[in-house]
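1. heads up, no residue letters with this:
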């Protein structure tokens, strides 16, 4: 039960943020209350009955001047974290022969669960829906948002962590790696050794993966574009992301716990695709072993394998080593190594390197797919 002090602290901080937002609104009045907005849309996913997607409405700001100086780079990164979100903006979604409208919430977020009755395609592919803001002028009048539709040709999906699993972040030691977090751009970041090769082996094509990839991370939604750019530059398969909202509103203080967020995201994907088995990929720097062991315990028939990147050489020892042995005792094979280059043998043994010709999947507009 929440203590009176915590409730007081929560309400005080939430009110302070609202005051800051009101002050920002007053500063923006010189450009008119109807100033241009920007729609930030995040890749969605669907099954045969519903298409889900999420996004955010923020004020449109002129892009910062490009520069290579230290101060410019820090300012650019801080601008990513400081989002001028806009609540109460009407957003319209059109696709699959349907349309729906919602309003952005206190933090500017909006979500759609578009009902549909359309079988999944024979092979995994990206489809599209269209978003617009009927009541406000936007940076773009409408935008196309990709929706992953897993194919019926195989029964595998991949759920992957991001930080120190795909991209080197030094998340376990911020003080040591602060420059990487605050200064480096996507093109400066390094991929985890072997990650690109492993993911390419499973996906065949990073833009049109033969199997659906889903990403879970405790990184904030503000970094979605940064992460997507990094994945494209390093040929990491695109896929829907489940990131975190670190904002403050009347219902929460800062954010949910790390373990709870990741486990909830994994279980959301598992429940949404009851016919798929999943490969879980993570690292042992931020409790992924604990989280994945729980997922295996809760869904023993749904997890086909667990791959762990060993960031500190302790993967097979201590409590986490015990958890990996428990996972294996349930009949789920595991891999643990400093990089993923050595995981290819297990990938071949599991048959993950042989998608059933799904690499020929193409991007198709959802309205075309519906015909």
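-> Happy to help now that I have it. As the structure is a computational prediction, the values presented were derived from the model and not from experiment. Numbering: from 1, shown residues only.
2. surely residue 152 is in a strand?
-> No - assigned with DSSP: H, G, I helix; E, B strand; the rest coil, residue 152 falls outside any strand and is coil.
3. find me the pLDDT at it, would you?
-> As predicted, residue 152 sits at a pLDDT of 93.
4. hang on, it packs against residue 121?
-> Yes - Residue 152 is in contact with residue 121 according to CB atoms under 8 Å; the separation is 7.3 Å. All C-beta spots, glycine's among them, are computed from the backbone N, C-alpha and C.
5. please name the nearest non-neighbouring residue to the residue nearest the centre of the chain.
-> Centroid-nearest residue in the chain, with CA atoms, centre = their mean: residue 241, separated by 1.6 Å. Of all residues not flanking residue 241 in the chain, residue 215 sits nearest, at 4.5 Å (CB to CB, 6 or more residues apart in numbering).
6. mind checking the SS state of that neighbour?
-> Applying three-state DSSP: residue 215 is strand.
7. the more surrounded of residue 152 and residue 121?
-> Neighbours were counted for residue 152 and for residue 121 using other CB atoms under 10 Å; residue 121 has more, 18 against 14.
8. correct me, but the more buried one touches residue 208?
-> No - at 11.9 Å, residue 121 does not count as touching residue 208 under the criterion of CB under 8 Å.
9. what ranges in the stretch 151-300 of the chain fall below the confidence cut-off?
-> For the stretch 151-300 of the chain, the stretches flagged by pLDDT under 70 are 170-190, 246-256.
10. what about the helices in it?
-> With DSSP state H, counting those that start in this stretch as the criterion, the stretch 151-300 of the chain has helices at 178-182, 195-203, 224-233, 258-272, 288-298.
11. list the helices and strands the longest one packs on?
-> Spelled out, it's helix 258-272. Judged by 3 or more CB pairs under 8 Å, 6 or more residues apart in numbering; DSSP states H and E, helix 258-272 is in contact with strand 156-160, strand 213-220, strand 241-244, strand 277-283, helix 288-298.
12. swap the cut-off to 7 Å and go again
-> strand 213-220, helix 288-298 (3 or more CB pairs under 7 Å, 6 or more residues apart in numbering; DSSP states H and E).
13. for the ones you listed, which one sits closest to residue 202?
-> For residue 202, the closest of those is strand 213-220, at 8.3 Å, according to CB to CB.
14. give the buried residues for the closest one.
-> 213-220 (16 or more other CB atoms under 10 Å).
15. Serialize those residues to JSON lines and add fields for distance to residue 112.
-> Formatted as JSON lines, those follow (distance: CB to CB, whole Å):
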{"residue": "213", "distance to residue 112": "21"}
{"residue": "214", "distance to residue 112": "18"}
{"residue": "215", "distance to residue 112": "19"}
{"residue": "216", "distance to residue 112": "20"}
{"residue": "217", "distance to residue 112": "22"}
{"residue": "218", "distance to residue 112": "24"}
{"residue": "219", "distance to residue 112": "22"}
{"residue": "220", "distance to residue 112": "21"}
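16. tell me which of the residues you listed is nearest to residue 191?
-> residue 215 (14.0 Å).
17. verify the contact between the closest one and residue 162 for me.
-> Yes - if you go by CB atoms under 7 Å, residue 215 and residue 162 touch, sitting 5.4 Å apart.
18. roughly how far does residue 334 sit from residue 94?
-> 44 Å (CB to CB, to the nearest Å).
19. report how many residues lie close to residue 278.
-> Neighbours around residue 278, by other CB under 10 Å: 25.
20. and it, what are its bridge partners?
-> Here residue 278 sits in beta bridges with residue 157, residue 303, as judged by DSSP bridges.
21. I figured it was touching residue 150, is that so?
-> No - applying CB under 7 Å as the test, residue 278 and residue 150 come out as separate, 11.0 Å apart.
22. find residues that contact each of those two.
-> residue 157 (CB atoms under 7 Å, 6 or more residues apart in numbering).
23. surely the residue nearest to the centre of the chain touches residue 44?
-> No - using CB under 7 Å, residue 241 is not in contact with residue 44; the gap is 10.4 Å.
24. give me the contact list for stretch 270-281.
-> 47, 150, 155-161, 165, 292, 295, 299, 302-307, 352.
25. which of these are buried?
-> Applying 16+ other CB under 10 Å to the contacts of stretch 270-281 flags 47, 150, 156-161, 165, 292, 295, 299, 302-307, 352 as buried.
26. any idea of the mean pLDDT in stretch 59-76?
-> 58.
27. do stretch 131-148 as well
-> On average, stretch 131-148 scores 94.
28. so how far is residue 134 from the residue nearest to residue 241?
-> For residue 215, the distance to residue 134 - CB to CB - is 31 Å.
29. then residue 263?
-> According to CB to CB, residue 263 stands 37 Å off from residue 134.
30. ok, those two, which is more surrounded?
-> residue 263 (18 against 10).
31. with adjacent residues omitted, what lies nearest to that one?
-> Residue 263 sits nearest to residue 291 (CB to CB, 6+ apart), 5.3 Å away.
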